[in-house]
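S.K.: Just the structure for this:
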Amino acid sequence: MAKAFFCSEDMELAQLLVHEDNAFNCLVEVGHTGGLQFNNVYDEDRLINGMYNAKVSLCYELLRYVQFLESQMPSLDIVPAYYDKVDQEERPRESQIPVYDMHLRRLNDEMRAVMEHYNTLERRQNYLEEKRYAIQKAEKMFTNDGQGAQLLYTEESLKEILKDQSDGSPFSSHLNYILGSINVERFATFELMLYRFFGRNLLVRRAEMPEKVYEQKGQKRELVHKFVVLLMTISVNIRPKLLKCCSAFHVTIFECPETSSQRFLMIKQLELDSRDIEMVLNETRTVRKRILHIAARTSYIMRINLNKSMKVYDLLNRLSPVGAQEHQKYLQAECFVPASQVGQVREALNRGAVAEVGEADGFNPKPMLLLRHRKSRHTPPTYFRLNKFTQGFQNLIDSYGMADYKELNPAPYTIITFPFLFAIMFGDLGHGLILILFAGLLIFKEKRIERHQRTAHSENEILNILFAGRYIILLMGIFSVYVGFIYNDVLAMPMNIFGSSWSCVYNSSTVRKLTSQFGLDPNNPQFYSGEPYPIGLDPIWKISGEDSITTVNSLKMKLAIILGISQMMFGLVLSAVNCISLKRKHDLFLMVIPQCIFMICLFCYLVFLIFFKWLTYGGLKQAPYNSACAPSVLITFIDMMLMKTSELEVKTCNKGMFPNERLIEYILVLIAFAAVPILLAGKPIYLTHRQKKLNKERNKRDLNNLQEEGRETLKEMRSSLHYTASYTNDAEKRGSVSRSSSVEDVAEFDLTEIWIHSGIHTIESVLGSVSHTASYLRLWALSLAHSQLADVLFHMVLSKGLDEDWPVFIGAPFLLATFFVWAILTVAILVMMEGLSAFLHTLRLHWVEFQSKFFNGVGDAFRPFYFPPSTIRG
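M.R.: Numbering: from 1, shown residues only. You can find the predicted model right below:
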């Protein structure tokens, strides 16, 4: 099955025919197996048969019942039972829907009745508690403050005061008062309004309740702070107006006896009533808890199965009925199925057919999956067979676009090139080990993390992203260790494993007499031994100052150009393979090969110059092949493009790297630019010639041929004996259809548009080869930035703790503190931030520079009807 990863798997166009008696169970089994994509069933203009509208509504209603029951469980600390094998052992069956209906309706009715009774009792209890507290406060207001201190005014004195302020309005002989409770947030506005309406004819007293109480706000009940208010007046006309104001501000009015003894008796009676209601509430809570415990045993399974059932019924509603208007017992749909999964899908359909009806139970119609020949215009979806290792790399490609059917998949090559290019920018042995340890931890805890993802009530998106890319991180770490070993870089420190090839001959007297800058002379045997460092960079370049920056930068810049041109050439090779496998020879000869010639003559020659310079010139060699005579590759390439020759600074050196260099370069430039007209005009001329040929063929076609082809096509579509899995290679049966469709394309041919597209593609290819090569210099730039940041952190943080010559009792804590700060900054800046930056730049190089050479990314993904593994969330 490795081929199904390098290229999309073969697809079969099939016709599914199911009987309505077992269609539900068949699709349930197919949903758990996967492998079947229904075509055009979810289009906006799709006609719905309406046979399962009632079933969809029923499942939706039952799901609401389950959600209602589960919403009541957290208040009583009840957790629904999670069953991790629900997808294997508790699959939904059509006969279970009525059972779910009866069970959930009974639980829902009982629960709503209990909740209605409970809410009524709770509201009554809250009212009694408010009333009891309000009467107690009123009693204190009318008598004393509870500590023996008498009130300043008695009831008689209050009547006299209010009588003096009544302005001659009618008044009664006794004090009128209203007792109630109001939300704290409304009291200030309420008090201000009373003062403006009634002035000093009304006396307002208030007291805050010690605890929050429930208040009904629409459909919700919320805990709020309330004030007990006592409104006193002797005016006859004020009381009705007061009642209206209290109603407008949702003031709860309480009945309050006039005498102290009556208030005392009412408080005792309210306490007794509240205790009785509390006993009934406790019994109601017990009944409610018992009902929810019963619901919690199966609510998770029912929720999962009802969700699946609703999807199945919705799909059945979109299938086309077959048969007479009165006897439409079969449903049909056009599907795509991978060739390797045809047997699995048929087994799943057969399992669903006999899931509830045995073979000997009478009539049991079997579902049929009939393979058809693919039409020439019907492009199948793209499907790659993946595992947990390759899934992460495929996700990187799918984020850019889905491959066309039978187009080469970039993901297999990305497995190597992506972490390697990342490591070129991130190369450090120590930082690579940190990535390996982190990815190894994710892989080691794989089963635990997967279990947590299934059982967690909320998703951790950052953990999910890191866990999905754990193997990408592992390979990035491994390649970073390798490249760090090549760079000889371990947390900004070099390793001298094999011994340096360079020596320092300076001493104190030499330094005092020196009048110029220090330098390492590669042509002096006292400095250079002539034997290169066996593997990677020589450790001397880490401590050689400006020579280090010059040498390492030159090496990394050339390495970036070599890797970039190599990857782009590999992309063109893959483009050629695509043309050969898809039988597009005109694209191969008129587009791919001219691009290869252009790249080889210019940029591959540049790579050749780099390697030739490395191999030919060096230290301890005689002129003209010593380091002083080594020509600049950049100047040589510029002279080649401008067709000129620069003058030599050293007359004893050769004018070129090899004999007849300029002649060869002129020939390569002419060949490269000769490929541009082919790239520009080749395909339009070919398409014009082919179109003229098709016009002639169209004029010569015989009407009898058309009728015969129509009859043969109709016969083939109706007969199940002609269905075959090998339609992609069945050229004879598709030849006539292909010719017919090609001839009918004459009206759609637009020569102007072809030339415009060809011109755009030529400009993109020529200029893109230059810009893409320059884009790969980001490998050098980010590698330099990463190395310099690591060096700065080491010398400005950690080295401060290593260099100080302090006593142990001071130096050890200081060294520990500096190491702690250095470690945090290393992980936060160099590993996380720089790692993310290198990751994004590597992703851009693959999406733009590499994949643009051969990858279209406009295909359709294979989207089977499939139930993903169930989690506790759904």
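S.K.: Which residues are in contact with residue 90?
M.R.: Counting by CB atoms under 8 Å, 6 or more residues apart in numbering, residue 90 makes contact with 83, 301, 304-305. The C-beta positions use only the backbone N, C-alpha and C, and glycine is treated the same way.
S.K.: let's see it at 10 Å
M.R.: Counting by CB atoms under 10 Å, 6 or more residues apart in numbering, residue 90 makes contact with 83, 96, 298, 300-302, 304-305, 870.
S.K.: does the residue most central in space within the chain count as helix, strand or coil?
M.R.: Nearest to the geometric centre of the chain sits residue 465, at 7.1 Å (CA atoms, centre = their mean). Using DSSP: H, G, I helix; E, B strand; the rest coil, the structure places residue 465 in helix.
S.K.: part of a strand, is residue 336?
M.R.: Yes: counting by three-state DSSP, residue 336 is part of a strand.
S.K.: That one and residue 378 touch, don't they?
M.R.: Yes: counting by CB atoms under 10 Å, residue 336 sits close enough to residue 378 to count as a contact (9.3 Å).
S.K.: So the two - more neighbours on which side?
M.R.: residue 336 (22 against 13; other CB atoms under 10 Å).
S.K.: give me the element the closest residue to residue 466 other than its chain neighbours is part of.
M.R.: Distances taken as CB to CB, 6 or more residues apart in numbering put residue 442 closest to residue 466, at 6.7 Å, once the chain neighbours are dropped. Element membership for residue 442 (DSSP states H and E) is helix 429-444.
S.K.: quick one: low-confidence ranges for the stretch 601-750 of the chain?
M.R.: 649-651, 700-749 (pLDDT under 70).
S.K.: ok, now the stretch 51-200 of the chain?
M.R.: Residue ranges of the stretch 51-200 of the chain with pLDDT under 70: 142-174.
S.K.: Low-confidence bits of the stretch 201-350 of the chain, can you list those?
M.R.: Within the stretch 201-350 of the chain, the ranges that satisfy pLDDT under 70 run 218-219, 324-328.
S.K.: one more time with 80
M.R.: Low-confidence regions of the stretch 201-350 of the chain, defined by pLDDT under 80, span residues 201, 214-221, 234-237, 258-259, 323-328.
S.K.: all strands of it, in order?
M.R.: Remark: strands assigned in the stretch 201-350 of the chain by DSSP state E, counting those that start in this stretch are 203-208, 213-217, 220-224, 226-235, 252-254, 320-322, 330-338.
S.K.: Now tabulate those in CSV and tack on distance to residue 181.
M.R.: Formatted as CSV, these follow (distance: least, CB to CB, whole Å):
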stretch, distance to residue 181
strand 203-208, 10
strand 213-217, 8
strand 220-224, 10
strand 226-235, 5
strand 252-254, 5
strand 320-322, 64
strand 330-338, 63
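S.K.: looking at those strands, which is closest to residue 417?
M.R.: strand 330-338 (27.6 Å; CB to CB).
S.K.: just how off-centre is the closest one within its chain?
M.R.: Remark: strand 330-338 is offset 30 Å from the chain centroid, using CA atoms, centre = their mean, to the nearest Å.
S.K.: partners of it, with directions?
M.R.: Paired neighbours of strand 330-338 in the sheet (DSSP bridges): strand 11-19 (antiparallel), strand 37-38 (antiparallel), strand 320-322 (antiparallel).
S.K.: angle of whichever helix in the chain runs longest against strand 11-19?
M.R.: Counting by DSSP state H, the longest helix found in the chain is helix 260-316. Between helix 260-316 and strand 11-19, the angle comes out at 120 degrees (axes from the mean of the first three to the mean of the last three CA atoms, to 10 degrees).
S.K.: Give the other helices and strands that helix 260-316 contacts.
M.R.: helix 23-33, helix 53-72, helix 86-89, helix 96-142, strand 330-338 (3 or more CB pairs under 10 Å, 6 or more residues apart in numbering; DSSP states H and E).
S.K.: now those in TSV, with distance to residue 563?
M.R.: Putting the helices and strands packed on helix 260-316 into TSV (distance: least, CB to CB, whole Å) gives the following:
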stretch	distance to residue 563
helix 23-33	44
helix 53-72	55
helix 86-89	46
helix 96-142	60
strand 330-338	36
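S.K.: Which of these has the highest mean neighbour count?
M.R.: helix 23-33 (a mean of 24; mean count of other CB atoms under 10 Å).
S.K.: So what angle separates the directions of that one and strand 11-19?
M.R.: Going by the same axes, to 10 degrees, helix 23-33 makes 150 degrees with strand 11-19.
S.K.: Please compute how far helix 23-33 lies from its chain's middle.
M.R.: 28 Å.
S.K.: Would you map the helices across the stretch 751-874 of the chain?
M.R.: 751-775, 778-793, 799-803, 808-825, 834-844 (DSSP state H, counting those that start in this stretch).
S.K.: For the longest one, give the mean pLDDT please.
M.R.: For helix 751-775, mean pLDDT is 89.
S.K.: Ok, stretch 420-434 next?
M.R.: According to the model, stretch 420-434 has a mean pLDDT of 94.
S.K.: ends of that stretch, how far apart?
M.R.: 17 Å (CA to CA, to the nearest Å).
S.K.: cool, and stretch 45-53?
M.R.: Stretch 45-53: ends 18 Å apart by CA to CA.
S.K.: got the buried residues for it?
M.R.: For stretch 45-53, the buried set under the neighbour-count rule, 16 or more other CB atoms under 10 Å, comprises 51-52.
S.K.: How far off centre is it?
M.R.: Here stretch 45-53 is found 33 Å from its chain centre; the criterion is CA atoms, centre = their mean.
S.K.: Show me the contact partners of it.
M.R.: 20, 23-24, 40-41, 58-59, 310, 312-321, 328, 331.
S.K.: So how do I select the buried members of those residues in PyMOL?
M.R.: Buried residues among the contacts of stretch 45-53 (16+ other CB under 10 Å), as a PyMOL selection:
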select buried, resi 20+23+24+41+58+59+310+312+313+314+315+316+317+318+319+321+331
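S.K.: so residue 413 makes contact with residue 577?
M.R.: No: applying CB under 10 Å, one finds residue 413 not in contact with residue 577, separated by 11.4 Å.
S.K.: Show me the common contact partners of the two, please.
M.R.: Looking at what touches both residue 413 and residue 577 (by CB under 10 Å, 6+ apart), the common residues are residue 6.
S.K.: Neighbour count for these two, which is higher?
M.R.: residue 413 (19 against 16).
S.K.: Now for the more buried one: which residues touch it?
M.R.: 6, 393, 567, 570-571, 574, 846, 850-851.
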